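Asker: build the 3D model from these lines:
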Amino acid sequence: MFYLIIKRFLDIIFGIIGLIFLVPITIIIKIVYVCTGDFHSVFLKQKRIGKNGKEFWFIKYRTMVIQAEKKLPALLDSNPELKKEYEEYKKLKNDPRITKPGKLIRKLSLDEMPQFLNVLIGNMSLIGNRPYLPQEKKDMGKYFSSIVSVKPGITGYWQVSGHNETTFKERLKLEEEYAKKASLSLDFKIFFKTFGVILRKKGI
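Answerer: Sure thing, here's the model as predicted:
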C-alpha cells in the first residue's frame, strides 16, 4: 500500500511536469507536420489494455500515416519477411508506415510525451508494463493476468532490457517478472536506466 501511495504521488508530480513541456513540443511538432503537407492531428488516440484488463484511451504523438492500422494487413501480406518479423516481435524495426517527421519524433523519444496526460489522469504510471492493444490479448496467453495486475507505464522493465532486440515472447516474460517484483527500488532503477536507453537511441 505504501508503495502504491508513493508511486501515485510521484506520477502526479511527473505528470504535471510532463504536461508543462507538452504544450510547446506539440506546437513545434504541428508546425513541422504542416510544413510537410500533413494537416491531420498530431495525436494518436487508441484503445489499450490497462490495469486489471480494463481498456482506456491511450494518447501519443502520431508518427505514422493516417489509418496505419488498417494498412498493416495488406503490408504484411505483400511482404513475407515483414510478416515474419511482425509475428515474432509484434512490431517492425523499419516500418514503412512511419512518416519522415515521425522518424525524427521517435529518434528523439518524444512520441510518448502525451502519455503524461494518461499518467495524470491515473490510467497509466510513469513506470510499468506497456499497455497492450486489445487484439494482442490472445497473443499474451498465460502472461496476461500477471502483466495487467499492475498499471501500465510510459517506460518499464522491457524498455531498459533490450527493447527492439527482444521478441514478443521475451517481452511478455520480462513484463511478468516486473509485475511480480514491482517496488520503489526497482522503479528507480528503471527510471535512471531509461535515460541511458534514450541517449543510445539518439546515438549520443
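Asker: which residues of the protein fall in strands?
Answerer: Secondary structure of the chain (DSSP state E): strands at 43-49, 55-61, 125-127, 153-155.
Asker: so which of those strands gets nearest Met113?
Answerer: Nearest to Met113, of all the strands of the chain, is strand 55-61, at 6.6 Å by C-beta to C-beta. (Glycine included, C-beta is placed from N, CA and C.)
Asker: buried residues in that closest one?
Answerer: Buried positions in strand 55-61, judged by neighbour count with 16 or more other C-beta atoms under 10 Å: 56, 58-61.
Asker: next one: stretch 58-71
Answerer: 58-64, 68.
Asker: and the end-to-end length of that stretch?
Answerer: 20 Å (C-alpha to C-alpha, to the nearest Å).
Asker: just how off-centre is that stretch within its chain?
Answerer: 13 Å (C-alpha atoms, centre = their mean, to the nearest Å).
Asker: lowest-confidence helix or strand of the protein?
Answerer: helix 184-202 (a mean of 86; mean pLDDT, DSSP states H and E).
Asker: and for that one, what are the contacting residues?
Answerer: The contact list for helix 184-202 (C-beta atoms under 8 Å, 6 or more residues apart in numbering) reads 3, 6-7, 107-109, 126-127, 155-157, 159-160, 163, 178.
Asker: buried ones among these?
Answerer: By neighbour count, with 16+ other C-beta under 10 Å, these hold 7, 109, 126-127, 155-157, 159-160, 178 as buried.
Asker: contacts only, for Thr155.
Answerer: 112, 126-127, 190-191, 194.
Asker: nearest to Asp77, of the residues you listed?
Answerer: Within the contacts of Thr155, proximity to Asp77 (C-beta to C-beta) peaks at Glu112, which comes in at 29.7 Å.
Asker: so for the closest one, what's the pLDDT?
Answerer: On pLDDT, Glu112 comes in at 91.
Asker: that one: what's it in contact with?
Answerer: 60, 154-155.
Asker: sorry, back to before: now the strands of the chain as TSV including mean pLDDT and distance to Lys100?
Answerer: Output for the strands of the chain, formatted as TSV (pLDDT from 0 to 100; distance: least, C-beta to C-beta, whole Å):
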stretch	mean pLDDT	distance to Lys100
strand 43-49	95	17
strand 55-61	96	14
strand 125-127	97	30
strand 153-155	95	24
